[in-house]
Each structure stands twice: as structure tokens, then as C-alpha cells.
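K.L.:
sharing a sequence plus its predicted fold:
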Amino acid sequence: MMPTPNPRARYRELLASGEFLVAPGVYDGYSARLAEAAGFKTAATSGAAVSNSLLGMPDIGVMGLSENVAHCRNLARSISIPLTADADTGYGNPVNVFHTVRYFEEAGVAGINIEDQVNPKRCGHMPGKQVIELAEMVRKIEAACQARRDDDFVIIARTDALALEGIEGAARRARAYAEAGADMIFPDAVRTEDDIARIVDAARIPVTVNMGFGIRSRPTTPLIPIPRLKALGVRRISLPRMLAGAAIRGMGLALEQMKQVIETGVPVDRPDLVAGIDEITALMGYAEMREREDRLLRLSGDAATDSH
């Protein structure tokens, strides 16, 4: 059976299929296109990576709604696989959340994360987080569900309560958020397999966790093999910082090479450090663009000739 072309409907199909989803964290056109080219069926924006790369700022709630939506619109239209977006706290109260959902839905993404942190938020793996009252977050989720025009648009309710209210509080929130209409629960910074199992049991809807593969310091969430995550009942894993971290490391190595070239005056080709121009043009669809130009400009020329 051919995949559904509508990204939102396709995402719903993937959720309904029971397939375990792996979503690389993307943040720019290169990372989004690379994720699709690598064969991943879905991707997710990393709010931290978008804030870091777009603004050069830490993920502390400085990036606004309009900046985030505009960037996600560009990412969504650059790929054909479903893309979910990080909408932080929804940018305000339930009324703000209503409009936030409308904006992101119009941008073409398949769904959004909304988290229960106090605004301005901070990266989920940073200390000093605070969460809003459970009842307020429930109202935000209800507003998000009312706002969507397409029922396939996915509302992912993220909770940062584990660090503040323990597993009991996080499980209570997961249950309440699911009852409010959320389509997926995202407990951030889970510490143990038992935490995950408790959240899955409480939510009774799909649960997603994130993993910090490639993080040198000890990650908040332990690195758990995918077969074990499946056994615990997890439906999706996101890898929010791996591509950004790889890009930073790669650019750092390239800059070191540039400095050596300046110091020695001897240019050195390092194909192991950089993608070739052919790889870049293939990734970005230059051949398709040229074919379209040839076809459309030829048709325009034919029409002009026929008119004489």
C-alpha cells in the first residue's frame, strides 16, 4: 500500500500501525533533508537546537512564536515525511495555545509538543525548571484540541514534572493530560526504566521519550536499547541533540583545518571533513530544480512562439 501523501494523515497512520517510531531532532534544511534521505519516516524539531542555531541563544524561552512557526514552515515544506514541532509552553495561557496550534497547523507540521513548564521555559535537561498547575495544563491541552481544524494534527503533551513532583506527580499528570485529549505523552528527563513503565501505564496512549545519544556527560535519561523501550510500551523515541552535536563537532574540526591552512599557507583537501559539492546539490534537489526550470521555461517559450 502506498504511503498517504498528507503528512498529518501519514503520521496518524504510523501511530495507528503500532510501529516503533524514531524521530531525529532536526533544526535546519540540511538536517531535515538528511533525515529524510537516510530513510527515517518522521522527524521532530529540537526547540533547543532551533533556538541555538537560529538565535545563537540558550533554550531559555527567548525564541518567540512567530520565529518558531516561520522556521518550522520552511522545514516542513522542505521534506515529505511528517515533521512534529516543539512549541515550548504554547506561548502563554490557553487562549494563546489556541492560536499557537492554528499557526503551527497552517505551517504544515504534523503536530506539536506543548510542555507544562512555567513561561519562560528552559531546556528540559537544565536545572531550575518550574511547572504550572496541573489544571492549567489541562486547559491548555483542551484549547489545543479545540483549535485544530484537522483531527489528524497531533497534540503531544510534554511534562517536566518528574524533577519536581516525582514519579507519582508525573504519572498523575500523564493520566490527566491523556484524559484532556492529548494524543501522545512526552515525559521529559525520565531517570529510570521504572519511570517509563509507570508513565506508560498511567497514560494508556502512545508515549514518547528522548535520548541523548552522543552526549559525553551523563545524560538525564539513560541510554536504553530500542527493544527494551518497545517492551516497556514506548511508541516513539526522539534524538533531539545528535544531529546538532554532530554538526557542531564537524564545523569545529573544519575550522581547525582552516586555521592550519592560514598558519602554514598550504591548502589541504580534506574530503573526510566535508561533503562534496555533488553531495550538497543532490541533497538539496538541484537536479529536480533544473529539470523543472527546463520544462517550464521551454513550455513558456513554446507558448510565446505559438502566439505569433
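P.N.:
On my side now, so go ahead.
K.L.:
need the three-state assignment for residue 25.
P.N.:
With DSSP: H, G, I helix; E, B strand; the rest coil as the basis, the three-state label of residue 25 is strand.
K.L.:
how near is it to residue 273?
P.N.:
With distances defined as C-beta to C-beta, to the nearest Å, the gap from residue 25 to residue 273 amounts to 23 Å. For glycine as for every other residue, the C-beta is placed from the backbone atoms N, C-alpha and C.
K.L.:
comparing those two, which residue is more hemmed in?
P.N.:
Taking neighbours as other C-beta atoms under 10 Å, residue 25 and residue 273 compare with residue 25 leading, 24 against 13.
K.L.:
and the strands in the stretch 51-200 of the chain?
P.N.:
83-86, 111-115, 154-159, 184-187 (DSSP state E, counting those that start in this stretch).
K.L.:
now render those as JSON lines, adding distance to residue 233, mean neighbour count and mean pLDDT.
P.N.:
As requested, those are arranged in JSON lines below (distance: least, C-beta to C-beta, whole Å; neighbours: other C-beta atoms under 10 Å; pLDDT from 0 to 100):
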{"stretch": "strand 83-86", "distance to residue 233": "20", "mean neighbour count": "28", "mean pLDDT": "98"}
{"stretch": "strand 111-115", "distance to residue 233": "19", "mean neighbour count": "27", "mean pLDDT": "97"}
{"stretch": "strand 154-159", "distance to residue 233": "16", "mean neighbour count": "26", "mean pLDDT": "98"}
{"stretch": "strand 184-187", "distance to residue 233": "11", "mean neighbour count": "27", "mean pLDDT": "97"}
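K.L.:
reformat those as TSV; add distance to residue 238.
P.N.:
Formatted as TSV, the entries for those read as follows, by distance: least, C-beta to C-beta, whole Å:
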stretch	distance to residue 238
strand 83-86	8
strand 111-115	9
strand 154-159	10
strand 184-187	8
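K.L.:
select, out of the ones you listed, the one closest to residue 287.
P.N.:
Counting by C-beta to C-beta, residue 287 lies closest to strand 83-86 out of the strands of the stretch 51-200 of the chain; the figure is 23.4 Å.
K.L.:
quick one: low-confidence ranges for this structure?
P.N.:
Applying pLDDT under 70 to the chain flags the ranges 1-4, 124-127, 213-220, 299-308.
K.L.:
if we go to 50?
P.N.:
Scanning the chain for pLDDT under 50 picks out the ranges 1-2.
K.L.:
related to what we said a few turns ago, of the strands of the stretch 51-200 of the chain, which is nearest residue 246?
P.N.:
When those are ranked by distance to residue 246, counting by C-beta to C-beta, first place goes to strand 83-86 at 19.0 Å.
K.L.:
list the strands paired with the closest one, with their directions.
P.N.:
Strand 83-86 sits in its sheet next to strand 43-45 (parallel), strand 111-115 (parallel), going by DSSP bridges.
K.L.:
can you pull the alpha-carbon coordinates of that strand into CSV?
P.N.:
What follows is strand 83-86 as a C-alpha-only set of coordinates in CSV (Å, rounded to 0.1, in the frame of the first residue of the first chain):
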residue,chain,number,x,y,z
LEU,A,83,7.5,16.7,11.0
THR,A,84,6.4,17.4,14.5
ALA,A,85,7.4,20.7,16.1
ASP,A,86,8.5,21.9,19.6
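K.L.:
one step back: which among the strands of the stretch 51-200 of the chain is found nearest to residue 256?
P.N.:
Set against residue 256 and scored by C-beta to C-beta, these come closest in strand 83-86, at 31.5 Å.
K.L.:
give me the contacts around the closest one.
P.N.:
Contacts to strand 83-86, defined as C-beta atoms under 8 Å, 6 or more residues apart in numbering, come from residues 7, 11, 23, 26, 32, 42-47, 50, 68, 72, 75-76, 104, 107-113, 154, 156.
K.L.:
what packs against whichever helix or strand residue 30 is part of?
P.N.:
Using DSSP states H and E, the element containing residue 30 is helix 29-37. Under the contact criterion of 3 or more C-beta pairs under 8 Å, 6 or more residues apart in numbering; DSSP states H and E, helix 29-37 touches strand 21-26, strand 43-45, helix 65-78, helix 242-264, helix 277-283.
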